[in-house]
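S.K.: Sequence and predicted structure, then a few things I'm wondering about:
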Amino acid sequence: MKNINAWLLAAAAVTLLALPFVATGYVLFIVNLLMVFVVLALGLHIVLGETGQFALSHIAFYGIGVYTSGLLNNAFGLNAVLLLVLSALLCGLLGFLLGTLAIRMRDIYLALSTFAFGEAMQWVFLNWTEVTNGSNGYRLSPIQFFGYTMSTDREAYPFVVIVTALVVAATIHLSRSRLGSSFRAVRESDVAAQAVGINVNMVKRVAFMLSASYAGLAGALFTSFSSFIHPDSLGFQAMILVLIMVVVGGIGSVRGAIAGAIIFGLISELLRQVLSFQEVIYGLVLIFFMMFMPKGLLGGGRTMRIGRVTQSSPALVQPEAAHNDGAGRSQA
Amino acid sequence: MSFSDIWLFLQQGVLSGLVAGSIYALLAVAVVTVFKTTDVPNFAQGEIFMVGGYIALYLLLVMEWPYWATILITLAGVALIGLVFERVALEKVIQSRGVAVQMVIATLGLAYILKGAVRQTGLGDSPRSLPSPVSTDVVVIGDAFLTRLDLVIFVVAVATMLLLFLMFNYTRIGKAMRAVGMNPRAAQLVGINLKRVRMAVWALAGLISAVSALLIMPKILITPDIGHIAILAFAAAIVGGIASIPGAIVGGFLIGIAENLVGLFISTNAIVVTPFVAILVVLLLRPQGLLGGKLQVKKV
């Protein structure tokens, strides 16, 4: 396993290094976009895959990140690093607040309330015309990085790749840390986690906070190469795309989230022109995976190590919910 | 705004709200029935409804079938879609030990397929509507204006709810659905075939969606994106308490009325955001919904 990881890493590094010398601007734009998707997917991975909280508010924070960075840059022309940090901080703070409200809820309630938050935020982006320019979309000026102005995809590419690499490294480090273990403990059973002395509510809040700051970071990253944002691309459709990346890529696995982001980011970009076709393919892929590989492409690693296939699925629905005691589980 | 204006707006808002709300209530009942018996928050509810509209549109306008045949085939067709999806996809997800996330994603998959399929036919390229089977003459109630069609929509929707009430209380399959909703394992022990009940529930949800689609189609223009209306059904279900069918109905009417009042008193721009605000407020203040009863204590 270690070997495969090393090879994958080497292959990815070589590809990313060679790309700017051979690829066209459009290809680099796609790669930049995929990097943003990777950061977004890793953020959702933290709250959904690691902590098992079914939150659908991710794109709302991404949007906040985009507008924060875009507005600050247009107004003050801040340094790119500062824009990333500020967007991530603001979204982290908001995520912490949302998490504080969300710890009262679980499963479907959490999904629906965070979904409602997302839709409400999109409405704000659309209707707060004085700030976001509403449905006309918002122009993003080029961002500078210590005097180096990034006005094309090619110029932004090194910055985007390096930031993404740092985020990936941080996520891997996080999942190996004590906090990562706490996340997973809460996912498997918050009662058990509480019993071994984990502050469940705080862990959930931190998960929301980190996840939101990833989304904010992704938003700021987007502004480093893109020149335009429209609220239409910050809605439920985008949320579903990121959800698919995390779940079909392999729920609870960093590699899975990255693979999912790249595969589905590419599919969505390639099929952009043929909407009906794209939708049918998406639908079939989703149903197929849920039927035959409910844990996604790369979600099986942990299970194999534990050696108990049935016990380690992320417990997003606790069997003890009194009113619906296991309609699905009675088959077992 | 003078007092008489307010009184007029209030009447108009409440009556129009009851008409729109009856559709939301029906869809919310479909959501709640499925959620209670199969544990699935059906994110394809809106698209199932949308497909009902397009089947009717195709039969009536393209094939030029008579209204009664269109209604029958639409009802049967949409019920079949629900049934087949449950039988083929969801049963398999359950077997693969999928939990909430997997179920939701499977229903999202269905939503995408239905939407893409309708788009592919080209029928959805421009907003379409059905000719009204009854006259759209204006009816004045108090100071408010409705149409005859509005009254038919309301009456048929309420009659459907009554039928559902009778079905849940007096028929074997209806009681079986309720039993599975309360405790699937116990229901299975007394001889209820869970698979069959789940299929029946999805067929029923399809049927209800088709009824709502047929009712509202002559009144509005639809596009393949009309599935968004399910957000209102979810809002209704949450406001009423997501495990309560009477709650869903009350919630549906409340959402309909709230939407109309917001449109009249605040701004038509704010209509869209009303359901989300309703969801957020209810979930924060009374997470079990208005008719959801006491909060259940979690046992380990």
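M.R.: Structure received.

S.K.: Please enumerate the helices of the stretch 1-150 of chain A.
M.R.: A:2-22, A:25-44, A:58-76, A:80-102, A:107-127, A:129-132 (DSSP state H, counting those that start in this stretch).

S.K.: Export those helices to a markdown table and append columns for mean neighbour count.
M.R.: For glycine as for every other residue, the C-beta is placed from the backbone atoms N, C-alpha and C. As requested, these are exported to a markdown table (neighbours: other CB atoms under 10 Å in any protein chain shown):
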| stretch | mean neighbour count |
| --- | --- |
| helix A:2-22 | 11 |
| helix A:25-44 | 23 |
| helix A:58-76 | 24 |
| helix A:80-102 | 21 |
| helix A:107-127 | 22 |
| helix A:129-132 | 13 |
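
S.K.: Tell me which of those approaches A:Ile263 most closely.
M.R.: Closest approach to A:Ile263 among the helices of the stretch 1-150 of chain A is made by helix A:25-44 (9.6 Å; CB to CB).

S.K.: B:Glu64 in helix, strand or coil?
M.R.: Classification of B:Glu64 using DSSP: H, G, I helix; E, B strand; the rest coil returns coil.

S.K.: List the contacts of residue 257.
M.R.: Picking chain A for this. Contacts for A:Ala257 (CB atoms under 8 Å, 6 or more residues apart in numbering or on different chains) come out as A:38, A:41-42, A:44-45, A:49, A:245-246, A:249-250.

S.K.: That was the other one, I meant chain B.
M.R.: Applying CB under 8 Å, 6+ apart, the residues near B:Ile257 are B:13-14, B:17-18, B:21.

S.K.: so of those residues, which ones are in strands?
M.R.: Using DSSP state E, no member of these sits in strands.

S.K.: ok, the residues you listed vs B:Thr38, which is closest?
M.R.: Distances from B:Thr38 to the contacts of B:Ile257, taken by CB to CB, are shortest for B:Gly21, at 25.5 Å.

S.K.: Would you check that the closest one makes contact with B:Gly252?
M.R.: Yes. B:Gly21 lies in contact with B:Gly252 (CB atoms under 8 Å); the separation is 5.0 Å.

S.K.: what helix or strand does B:Val140 sit in?
M.R.: Using DSSP states H and E, B:Val140 maps to strand B:138-141.

S.K.: and that strand, which residues are buried?
M.R.: By neighbour count on 16 or more other CB atoms under 10 Å in any protein chain shown, the buried set for strand B:138-141 is empty.

S.K.: Which other helices and strands does that strand contact?
M.R.: Where contact means 3 or more CB pairs under 8 Å, 6 or more residues apart in numbering or on different chains; DSSP states H and E, strand B:138-141 is packed against strand B:144-147, helix B:148-170.

S.K.: need these in CSV with mean pLDDT, can you?
M.R.: Listed next are the helices and strands packed on strand B:138-141 as CSV, based on pLDDT from 0 to 100:
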stretch, mean pLDDT
strand B:144-147, 87
helix B:148-170, 94
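
S.K.: Figure out which of the ones you listed is closest to chain A.
M.R.: Among the helices and strands packed on strand B:138-141, helix B:148-170 comes nearest to chain A, with 15.7 Å by CB to the nearest CB.

S.K.: And the contacts of that closest one?
M.R.: Contacts with helix B:148-170, where a contact means CB under 8 Å, 6+ apart, come from B:16, B:18-19, B:22-23, B:25-26, B:29, B:132, B:134-137, B:139, B:173-175, B:177-178, B:208, B:211-212, B:215-216, B:218-219, B:245, B:249.

S.K.: Just the buried residues of it, please?
M.R.: Using 16+ other CB under 10 Å as the test for burial, helix B:148-170 gives B:149-150, B:152-154, B:156-157, B:160-161, B:164, B:168.

S.K.: and residue 235, how many neighbours does it have?
M.R.: Chain wasn't specified; assuming chain A. For A:Gly235, the number of neighbouring residues by other CB atoms under 10 Å in any protein chain shown comes to 19.

S.K.: that's the wrong chain, I meant chain B
M.R.: With other CB under 10 Å as criterion, B:Ala235 counts 28.
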